[in-house]
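Trainee: A predicted structure for the sequence below; I have some questions about it.
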Amino acid sequence: MKRATVREIATAISALRISRSTRPALWVTIGGLIFLATAQPTAFGLEFPMTTRLALPLISESKN
(Lines give C-alpha, C1' and ligand atoms only; values in the text may rest on other atoms or scores of the structure.)
Protein backbone atom coordinates (compact mmCIF):
# COMPACT_ATOMS: atom_id res chain seq x y z
CA MET A 1 0.00 0.00 0.00
CA LYS A 2 1.13 3.48 -0.67
CA ARG A 3 1.66 5.91 2.18
CA ALA A 4 -1.10 8.16 0.87
CA THR A 5 -3.56 5.27 1.01
CA VAL A 6 -2.55 4.36 4.56
CA ARG A 7 -2.89 8.00 5.58
CA GLU A 8 -6.34 8.22 4.01
CA ILE A 9 -7.48 5.09 5.82
CA ALA A 10 -6.12 6.35 9.14
CA THR A 11 -7.82 9.70 8.63
CA ALA A 12 -11.13 8.03 7.81
CA ILE A 13 -10.95 5.81 10.89
CA SER A 14 -10.09 8.70 13.18
CA ALA A 15 -13.01 10.71 11.78
CA LEU A 16 -15.52 8.03 12.81
CA ARG A 17 -17.69 8.92 15.76
CA ILE A 18 -18.26 6.00 18.10
CA SER A 19 -21.40 6.32 20.20
CA ARG A 20 -22.09 4.62 23.52
CA SER A 21 -24.39 2.10 21.85
CA THR A 22 -21.84 0.93 19.28
CA ARG A 23 -18.81 0.85 21.59
CA PRO A 24 -19.56 -2.60 23.13
CA ALA A 25 -20.20 -4.10 19.70
CA LEU A 26 -16.90 -2.73 18.48
CA TRP A 27 -14.99 -4.26 21.40
CA VAL A 28 -16.78 -7.60 20.99
CA THR A 29 -15.76 -7.64 17.33
CA ILE A 30 -12.15 -6.80 18.17
CA GLY A 31 -12.08 -9.43 20.93
CA GLY A 32 -13.52 -12.05 18.60
CA LEU A 33 -10.93 -11.33 15.96
CA ILE A 34 -8.12 -11.54 18.51
CA PHE A 35 -9.51 -14.85 19.82
CA LEU A 36 -9.71 -16.31 16.32
CA ALA A 37 -6.19 -15.12 15.52
CA THR A 38 -4.79 -16.84 18.61
CA ALA A 39 -6.84 -20.04 18.28
CA GLN A 40 -6.18 -20.62 14.59
CA PRO A 41 -2.57 -21.92 14.82
CA THR A 42 -3.57 -24.49 17.47
CA ALA A 43 -6.36 -25.91 15.30
CA PHE A 44 -3.84 -27.89 13.26
CA GLY A 45 -3.41 -30.32 16.16
CA LEU A 46 -7.08 -31.24 15.96
CA GLU A 47 -6.99 -32.51 12.40
CA PHE A 48 -7.16 -36.21 11.68
CA PRO A 49 -4.35 -37.87 9.75
CA MET A 50 -4.82 -38.29 6.02
CA THR A 51 -4.08 -42.05 6.09
CA THR A 52 -5.53 -44.49 8.60
CA ARG A 53 -5.65 -48.24 9.06
CA LEU A 54 -8.68 -50.15 10.17
CA ALA A 55 -8.33 -53.70 11.46
CA LEU A 56 -11.59 -55.62 11.23
CA PRO A 57 -12.01 -59.00 12.88
CA LEU A 58 -12.26 -61.97 10.55
CA ILE A 59 -15.64 -63.69 10.42
CA SER A 60 -15.47 -67.45 10.08
CA GLU A 61 -17.75 -69.05 7.49
CA SER A 62 -19.15 -71.54 10.00
CA LYS A 63 -21.07 -68.81 11.87
CA ASN A 64 -23.16 -67.87 8.81
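Mentor: Right, received. Where do you want to start?
Trainee: quick one, grab the pLDDT at Thr51.
Mentor: pLDDT recorded at Thr51 is 75.
Trainee: my bad, should have said Glu8
Mentor: pLDDT, the model's per-residue confidence, is 86 for Glu8.
Trainee: check the spacing between it and Thr52 real quick.
Mentor: Separation of Glu8 from Thr52 (CB to CB, to the nearest Å) stands at 52 Å. Using the backbone N, CA and C atoms, a C-beta is placed for each residue, glycine as well.
Trainee: between these two, which one's more packed in?
Mentor: Taking other CB atoms under 10 Å, Glu8 and Thr52 do not tie; Glu8 has more neighbours (12 against 6).
Trainee: name the element that one belongs to?
Mentor: Taking DSSP states H and E as the criterion, Glu8 maps to helix 3-15.
Trainee: and that helix, what does it pack onto?
Mentor: Contacts defined by 3 or more CB pairs under 8 Å, 6 or more residues apart in numbering; DSSP states H and E place helix 3-15 against no helix or strand at all.
Trainee: where does this structure have low pLDDT?
Mentor: Residues of the chain that meet the criterion pLDDT under 70 lie in 1-3, 40-49, 61-64.
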